Structures are given as structure tokens and as C-alpha cells.
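Undergrad: Any chance you can model this:
(one chain, ligands or ions: 1)
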Amino acid sequence: HSHSVSCVLLPPSQIMTFLMSLHSNPVLRKTNLAVWRACWRSWKSRLHSSTVCTSSGPGPLNGPEEVSPVSHENAPHNPVMLREVLQYLDIQHGQVVLDMTFGGGGHTKAILNLVPEVTVLALDRDPTAISLAEQLAKEHTGRVKPLLGRFSKLEALLSEMNMKPGSVDAVLLDAGCSSMQMDQADRGFSLSKDGPLDMRMDGERYPDMPCAADVVNTLDQQALASILTAYGEERHAWKIASAIVEARRVNPITRTQQLASVVAGSLPAAVVYARKDRLHRPAHVATKTFQALRILVNDELNELHAGLCAARAALRPGGRLCVITFHSLEDRLVKRFLQGEDLSNLDQYHFSPRKGGKGKMLDEKRDGGSLYWRPLRRKVITPEREDVKDNPRGRSAKLRAALRC
Ligand SMILES: C[S@@+](CC[C@H](N)C(=O)[O-])C[C@H]1O[C@@H](n2cnc3c(N)ncnc32)[C@H](O)[C@@H]1O
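TA: Next comes the predicted model:
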């Protein structure tokens, strides 16, 4: 019992089994979160095979919530950096475009409206997004092909539809969460709307995978602090982790607002009120905690790397790639990938600002590109001030555009 864990969602005997497998792993001690996830998966499947009841999600505390259905009419359509995306993808009549992050379909719809006879392969891991893509496919017969799945499954999905590697003309990857996911309280991503602490982009597709409530209610203080540091770049990770462990001794943390108050209560007022986003606007002090949990729950950085590899395989020589990211962990990863750095063993080094020299290079060219990529613009592209006014959500967006060599 050296790890002080109290958890009401899961029986203590099973938590101990999980933690023992976690801590006996030397790699995890170096904060290798991929290993943590692997441990979790094997532990959860053991739990299932022994038919013990476990939490398959946080579940609302006050009975079922009203879920506002999403349709094309009420899905938000405010695609980030649309003008720049269309400019750099330079889509031509009759081409095949892969939208790896269909979301609310904002970018796809603009492409369909702008370029006649284009075919859009519309991928998303979120079944709600794919149902929107299916509606759009009915409106544009033969021009939209919805694909439900993660980046890491893309190559298999394309091969199932007989798409050969190197046959796509343009790829867009607009990373992160959609406004639709953020705005629906019951998805558990939002800091401002109370909802169950869920955060799974796949919705209910993988009930065995942990949701955010599972993470905050089971991991010990050290593991929580490591996650907040690695994925949230949170300076007060240890204090927040300690407050989480204290709070859940009384009641499990199952709601977004509950977690937000625990985080706010763990820090001095000076820190709570001084917190600013990258554009120096006031930010909620739990923003980084939420980011860290979301990245962990959805394995976002490994997925992003898998997505970039899949885009490289799908694009024809001369094809174009646009990647939009919303925080520095993602942007660093994209930048290093396009420069030809070897990211095959993602670890904390790849997520943190580079200290010292470059990592192992697979290939590199003088123009800042690599064997596979030529940058369409050397510097990262950011939204125009006017565009941020119209679409404040895009304020921290960064776009990188490259040509497949
Ligand atoms: C920022 S939104 C895209 C918004 C979209 N471009 C628009 O204009 O409406 C990102 C979308 O990517 C999806 N997504 C994120 N990671 C993914 C992954 N690994 N595999 C597939 N889809 C993913 C999310 O579910 C979300 O719907």
C-alpha cells in the first residue's frame, strides 16, 4: 500500500492488481505513457474476462442528461484557417482529397463547394461526426466517402476500399477536438459546461478504454503528476495531483465542473487569476489539466504520429499535406516529422521543447524538408488577426503545409 490510492469506482483489489503491473514496469518509471496505456488495456481485459463489473464511463450524477442531437443544420461550421488550407492544398477538378478529421464537416463542405467533381474521403474516429458525413454523402452522391476509424487504422480502411498507397492528391489533418465535441456537455470535454468526465473521442465504440473519470479516480499521485507534466506542461502538476487524490477520498470525481473546482482549489489565488493562454488572454486554471487528460484518454500524440505516417503513405508524389494543430506538443511533433526526424519511438523528448541538438534524423534536407517532404512555407502559418476575431477558437491554431516528394 505504498501508493495512496482511494477509489470508489473500482474495487480496491483490482486497483492494486493494476497498480502492481504498472509499477513493476521499469519503462513506466520513466513516464512512458504508452506503457501505462498498454498496462491499462491488459488489466481492463482481465477484469472483463473475470466478469467483474467495472465502470464503463463516468455516468451522470444527477440522472441522464439531455443530449442535444447534432445534425447538419445545427453542426457548427466554422473551419479554422479555411482560406489558408484551400490555398496550400490547391485542389484541382477531379482530384481525391482525404479529410482525416471530418468533425463538423466545415473544411470538407468548403472543398466540395469550391471544386466540382472532387472526391472527399472523410475520416473521423467519432461516430457522431461520421453520421454527419453520411448525411453529406447523401447530398453529394459519390463525392463523399465516410470512413469511421482512427488515424492508426487509416491504411487498413483505405485498402478495404481498394485505394492504393500513393493515390491521394491532398490530405488535411485538423487535429484535436471539434466544436461539436467541445460544445456537447455530455461528451465531457468542456470546462465551461458541466458534464460527465468522459473525453473519449470514439464515444462508446471501445467501452473497455478508460475515460477521464477512470484516470483521475484510479491513478496514484505520482502517475497523475507525470501525466499533467508530460501532456499538459502543467507547472503545478504535483499540487493538482495531490488535490485530486485528496478529493476523491471523499467522493469520486465524475463531473467536469467537479474536477475544475478541485484544480482551482489546489492553487493559490494568485496563480488562479494570473493564468493566461498563449495570446495572454485569461484562461481557466484547469485548462492544462483537461488537455493532459484528453491527450491521454485518446492517445492523441501517438495517433497524430500514426496519422502523419498514414498521410505520407496515402499521398502521391507532388500531393499536398496541411496539418493544423492547437498546442505546442502537437506542433513540435508535426514540425519534426516533416523535417525527417525519426519519431518511431515517441517519448517525452518528442513532446517537450528541444533542449540541445536534434534527435535522430531519418533524412533531412537543407530547405527544412526531408526525403519525403518539401515545405510549402518554411515558417509555421498562423491565423490572421481578423479571422481570430470571427473564430476565437482558432486563436492558437498553427498550420504546416508540405509537398510530398
Ligand atoms: C478539430 S476537429 C475537425 C474539424 C473539421 N475540420 C471541421 O471543419 O469541422 C477534429 C476532429 O478530428 C477527429 N479526430 C481526432 N483525432 C482523431 C484520430 N486519431 N483519428 C480519427 N479522427 C480523429 C475528432 O474526432 C474531431 O472530430
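
Undergrad: Am I right that Ser266 is in contact with His236?
TA: Yes: between Ser266 and His236 there is a contact under CB atoms under 8 Å: 7.4 Å. Backbone N, C-alpha and C define where each C-beta goes, glycine included.

Undergrad: Those residues of the stretch 151-300 of the chain touching the ligand, which are they?
TA: Residues of the stretch 151-300 of the chain lying close to the ligand (CB under 6 Å from any ligand atom) are 151, 174, 176-178, 201.

Undergrad: Quickly list the domain ranges of the protein.
TA: Taking automatic domain parsing as the domain assignment, the ranges for the chain are 12-61+196-298, 82-179+302-345+359-404.

Undergrad: if we can go back for a sec, most neighbours among the residues of the stretch 151-300 of the chain next to the ligand, which one is it?
TA: Across these, the neighbour count under other CB atoms under 10 Å reaches its highest value at Ser178, namely 27 neighbours.

Undergrad: Ala264 belongs to a strand?
TA: No: using DSSP: H, G, I helix; E, B strand; the rest coil, the assignment for Ala264 is helix, not a strand.

Undergrad: Can you report how many residues neighbour it?
TA: Using other CB under 10 Å as the criterion, Ala264 is surrounded by 18 other residues.

Undergrad: Local confidence estimate at it?
TA: At Ala264 the predicted local confidence, pLDDT, stands at 96.

Undergrad: Against the ligand, how distant is it?
TA: To the ligand, Ala264 is 27 Å away according to CB to the nearest ligand atom, to the nearest Å.

Undergrad: Go ahead and confirm that residue touches Ala283.
TA: No: in this structure, Ala264 is not within contact of Ala283 by CB under 8 Å, at 11.9 Å.

Undergrad: In the stretch 201-350 of the chain, where is pLDDT below threshold?
TA: Where the stretch 201-350 of the chain drops to pLDDT under 70, the residues are 278-279, 347-350.

Undergrad: Which stretches in it count as strands?
TA: Listed in chain order, the strands of the stretch 201-350 of the chain (DSSP state E, counting those that start in this stretch) span 315-325.

Undergrad: Which single residue of it ends up nearest the ligand?
TA: Each residue of the stretch 201-350 of the chain has a distance to the ligand, by CB to the nearest ligand atom, and the smallest belongs to Glu303, at 3.5 Å.

Undergrad: Contact partners for that residue?
TA: 150-152 (CB atoms under 8 Å, 6 or more residues apart in numbering).

Undergrad: 10 Å instead?
TA: The contact partners of Glu303, by CB atoms under 10 Å, 6 or more residues apart in numbering, come to 125, 150-153, 175, 201, 295.

Undergrad: and if you look at Gly103?
TA: Listed by CB under 10 Å, 6+ apart, the contact partners of Gly103 are 75-77, 79-80, 122, 124, 126, 128-129, 132-133, 174, 176-181.

Undergrad: just wondering, since we're on it, how far is it from the ligand?
TA: Note on Gly103: its distance to the ligand, by CB to the nearest ligand atom, is 3 Å.

Undergrad: So that residue: helix, strand or coil?
TA: Of the three states, Gly103 takes coil under three-state DSSP.

Undergrad: count of residues packed around Val334?
TA: Applying other CB under 10 Å, we find 25 other residues in the vicinity of Val334.

Undergrad: for it, what are its contacts?
TA: Val334 is in contact with 173, 175, 304-305, 307-308, 321, 323-325, 343, 380, 398-400, 402, counting by CB under 10 Å, 6+ apart.

Undergrad: From Pro116, how far out is it?
TA: From Val334 across to Pro116, the span is 31 Å (CB to CB, to the nearest Å).

Undergrad: Likewise for Arg393?
TA: Counting by CB to CB - Arg393 and Pro116 are separated by 30 Å.

Undergrad: Okay, now the unreliable bits of the stretch 1-150 of the chain?
TA: Judged by pLDDT under 70, the stretch 1-150 of the chain has its weakly predicted residues at 1-77.

Undergrad: So which bits of it are right by the ligand?
TA: Counting by CB under 6 Å from any ligand atom, the residues of the stretch 1-150 of the chain lying close to the ligand are 79, 101, 103-107, 123-126, 129, 150.

Undergrad: just to revisit the earlier point, shared neighbours of Ala264 and Ala283, anything?
TA: Common contact partners of Ala264 and Ala283 (CB under 10 Å, 6+ apart): Arg275.

Undergrad: Show me what the helix or strand where Ser159 lies packs onto, helices and strands only.
TA: Secondary-structure assignment from DSSP states H and E places Ser159 in helix 154-160. In terms of contacts (3 or more CB pairs under 10 Å, 6 or more residues apart in numbering; DSSP states H and E), helix 154-160 is packed against strand 119-124, strand 144-148, helix 300-314.

Undergrad: Let me know which of the ones you listed is tucked in deepest.
TA: Highest mean neighbour count among the helices and strands packed on helix 154-160 (mean count of other CB atoms under 10 Å): strand 119-124, with a mean of 25.

Undergrad: circling back to that earlier point, make JSON lines out of the residues of the stretch 1-150 of the chain next to the ligand and add distance to Asn217.
TA: Written out in JSON lines, the entries for these read as follows (distance: CB to CB, whole Å):
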{"residue": "Pro79", "distance to Asn217": "36"}
{"residue": "Thr101", "distance to Asn217": "30"}
{"residue": "Gly103", "distance to Asn217": "29"}
{"residue": "Gly104", "distance to Asn217": "31"}
{"residue": "Gly105", "distance to Asn217": "35"}
{"residue": "Gly106", "distance to Asn217": "35"}
{"residue": "His107", "distance to Asn217": "37"}
{"residue": "Leu123", "distance to Asn217": "32"}
{"residue": "Asp124", "distance to Asn217": "28"}
{"residue": "Arg125", "distance to Asn217": "24"}
{"residue": "Asp126", "distance to Asn217": "24"}
{"residue": "Ala129", "distance to Asn217": "28"}
{"residue": "Arg150", "distance to Asn217": "25"}
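
Undergrad: Now, of these, which are buried?
TA: 79, 101, 103-107, 123-126, 129, 150 (16 or more other CB atoms under 10 Å).

Undergrad: Good, wrapping up.
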